[in-house]
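# let me see the structure of the following:
(one chain, ligands or ions: 1)
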Amino acid sequence: MSLKPYRLPRDELMKLQKDRLGALIAHVYGGSQFYHKRLRDAGIRPEEIRTKDDLKKIPFTTKMDLRDNYPLGMISVDISRLVRMHASSGTTGNPTIVAYTQGDIDAWAEMNARCLEIAGVISNDVVQVAYGYGLFTGGLGLHYGAERLGTKVIPASTGNTKRQLKLMKDLGTTVLACTPSYGLFLIEAAREEGLEAKKDLHLRVGVFGAEPWSEITRRRLEEGLVESAYDIYGMSELNGPGVAMECRSKNGLHIWEDQYIVEIIDPNTGEVLESGEKGEMVVTTITKEGMPLLRYRTRDITILDDAACECGLTYARIKRILGRTDDMLKVRGICVFPSQIEEILTGAEGVSPHYQIVVDQEGVMDRLLVRVEISEDFKTDKLTELVALQRRLEEELKETLSINASIEIVEPKTLPRSEGKAQRIVDMRKV
Ligand SMILES: [Zn+2]
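Here you go, the predicted model:
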C-alpha cells in the first residue's frame, strides 16, 4: 500500500477513509476470530458498516479485551505474516501485546516521517532519539520515521544523561525526541555539566510526547533547550508514536485520518459527542493488518477540531491531551487532572516545574497535597515571602480545581526525577 502523497484535498481524504473502512471491516470479519464473533454477537453484518457514522453500531474495544486475549488472540492475519511483537508494561496480570506485519511497520515509519516533516525536520538534520528502545514503541517509531525521512539518527535511548549531552554536543544533534519531563531535566543536567543547553547545544526542533504537557512547559523548553518544541501523540495499541503531531502552527495535533478514524465519546455513557466537545478519544485503525482495532478506547481526553489549518494540511486536529481517564483523580467527588495542576505550577514565578501530587485521607475526607520545588533563583530567607507564595498557589489551585489543595514548598532538587515517563501522583487512599 502506498501512503504517499499524504497532502490530499479533504473530500478525497474522506473518500479514501471511507473506502479503507469498508476494506478493514471485511479484513477483520474474515481474519479475526475475535472480531468475527464480536460483530456476529452484536447482530452486525460486515456490509452494514460503510461510514464513520455506522461505526456507532460496533461495541468498543478496550485494553481489557487485549489482556483477555493475550497473547495473540486479537490478530487478523495468519500468524506467519507477523514480523514483530511489542508489549506494553503491565503492572498486574498480562502485558498487552501488539503485533505487526511488514506492511504495518512500513506504515508506521511513514507516519513518523510525516510527523517529523510537518515540524520542519529535513534530511540534513541529526535526530537524537531519547525515547526507550525495546518493547516500548517510542524509540523505534521515531527512529524509523527519521530514517525514512533520510536524516542521521542517533539511537541514544533513555538514561545516561551525561552521555546524551556529550553526543548532542559532539555529533551536532539538531532534533531531540524525548518526554517533556526529560527535556526539562536535561536543562538542569546541562547546567551541572557547565553548559547552557539553549546556547551551547544547537537543538532546532524538540519532539516531545508520551506524557501530557502544557503551553507553559513549551515555553520553558523553548527558553532553555530547543528553538521550537512540538507535541507528538501515539500509543502502542495504535502502532506507537506518530498517530498525531503538531504542525508549525502549533494549534492542535494533526491526526492521520487516512490511517485512523477518531470519535470523541462521553467516557461515562459511551455516547458519541459532537466535533468541538471534550471527551475520550476512540480510534479505529483502518490500515493496520496484523492487529487492527475497532473503536479502541484510548482513555485520553481531548477535543477534535476539523476546521482547516493555516499550515494547509487537510487532516483534522486533536487538542493537546488534557489527561487520561485513568490518571484522572477523583478527589472529594471532583475530577482532577494532573495536567491542570501542572499548568498552574509551571506558570508560577518562584517555583520549578518539578512537583508531586499526594492524595490521602483525613478521617473519611480526601486530602490533596501538592509538593513543589522552589526555583533556584528564588532567593529569600524571609518566611513571609514563602508563605505568600504558598497562599498564592493554593488560591490558584482552588480557583482551577474547585477544591482546596495544600501546597508544600520543598528545597530545589529534592523531588524524584524520571528519565522516562514522570511518576507524579502518589495516591495513599485506602480503597
Ligand atoms: Zn496544521
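# give me phi/psi at residue 161?
phi -60, psi -40 (degrees, to the nearest 10).
# with residue 343 instead?
phi -60, psi -40.
# how about the one 10 residues further on?
Listed backbone geometry of residue 353 is phi -80, psi 10, with angles given as degrees, to the nearest 10.
# same deal with residue 336?
According to degrees, to the nearest 10, residue 336 has phi -120, psi 130.
# now do residue 260
phi -130, psi 140.
# equivalent analysis for the one 3 residues further on, please.
Backbone torsions of residue 263, given as degrees, to the nearest 10, read phi -120, psi 150.
# that one against residue 272, yeah?
Yes. Look at residue 263 against residue 272 with C-beta atoms under 8 Å: they come within range, at 5.4 Å. For every residue, glycine as well, the C-beta is placed using N, CA and C.
# which of the two has more neighbours?
It is residue 263, of residue 263 and residue 272, that has more neighbours when counted by other C-beta atoms under 10 Å, with 20 against 17.
# residue at max distance from the center of this protein?
residue 382 (40.8 Å; C-alpha atoms, centre = their mean).
# just give me the neighbour total for residue 93.
Residue 93 has 10 nearby residues by other C-beta under 10 Å.
# quick check: closest non-adjacent residue to it.
Spatial nearest neighbour of residue 93, excluding adjacent residues (C-beta to C-beta, 6 or more residues apart in numbering): residue 67 at 6.0 Å.
# wait, doesn't that neighbour sit right on residue 88?
No. Counting by C-beta under 8 Å, residue 67 sits too far from residue 88 to count as a contact (10.1 Å).
# between the two, what contacts are shared?
residue 96 (C-beta atoms under 8 Å, 6 or more residues apart in numbering).
# next helix or strand past the helix or strand hosting residue 105?
Using DSSP states H and E, residue 105 sits within helix 102-118. Per DSSP H and E, the first helix or strand lying C-terminal to helix 102-118 is strand 126-129.
# taking the mean pLDDT, what do you get for that next one?
Averaging pLDDT along strand 126-129 gives 98.
# quick one: contacts of that strand?
By C-beta under 8 Å, 6+ apart, strand 126-129 touches 116, 121, 139, 142-143, 146, 151-157, 164, 167-168, 171-178.
# show the end-to-end separation of stretch 154-166, please.
Criterion C-alpha to C-alpha, to the nearest Å; first-to-last residue distance in stretch 154-166 is 12 Å.
# residue contacts, residue 425?
Taking C-beta under 8 Å, 6+ apart, one finds 327, 329, 338, 356, 357, 359 in contact with residue 425.
# out of those, what pair is the most spread apart?
327 and 356 (14.1 Å; C-beta to C-beta).
# what is the neighbour count of the residue nearest to residue 93?
Neighbours around residue 67, by other C-beta under 10 Å: 15.
# what strand or helix carries it?
Going by DSSP H and E, residue 67 is in helix 63-68.
# helices or strands up against that helix?
strand 96-101 (3 or more C-beta pairs under 8 Å, 6 or more residues apart in numbering; DSSP states H and E).
# what sits up against the strand it packs on?
63, 66-67, 70-72, 74-75, 77, 81-88, 90, 108, 137, 236-237, 239, 289-291.
# mean confidence score for it?
96.
# try stretch 347-365
On average, stretch 347-365 scores 88.
# for it, C-alpha coordinates in CSV please.
What follows is stretch 347-365, C-alpha atoms only, in CSV (Å, rounded to 0.1, in the frame of the first residue of the first chain):
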residue,chain,number,x,y,z
GLY,A,347,3.3,29.1,35.1
ALA,A,348,4.1,30.4,38.5
GLU,A,349,7.1,32.6,39.4
GLY,A,350,9.3,31.2,42.2
VAL,A,351,8.7,27.5,41.8
SER,A,352,10.3,25.0,39.5
PRO,A,353,8.4,22.6,37.1
HIS,A,354,9.1,19.7,39.4
TYR,A,355,6.1,18.6,41.5
GLN,A,356,4.4,15.7,43.2
ILE,A,357,0.7,15.2,43.8
VAL,A,358,-0.2,13.4,47.0
VAL,A,359,-3.8,12.3,47.8
ASP,A,360,-4.5,10.8,51.2
GLN,A,361,-7.3,10.7,53.7
GLU,A,362,-8.0,12.5,56.9
GLY,A,363,-10.8,10.5,58.5
VAL,A,364,-13.2,9.9,55.6
MET,A,365,-12.2,13.1,53.8
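# I'm done for today, thanks for sticking with me.
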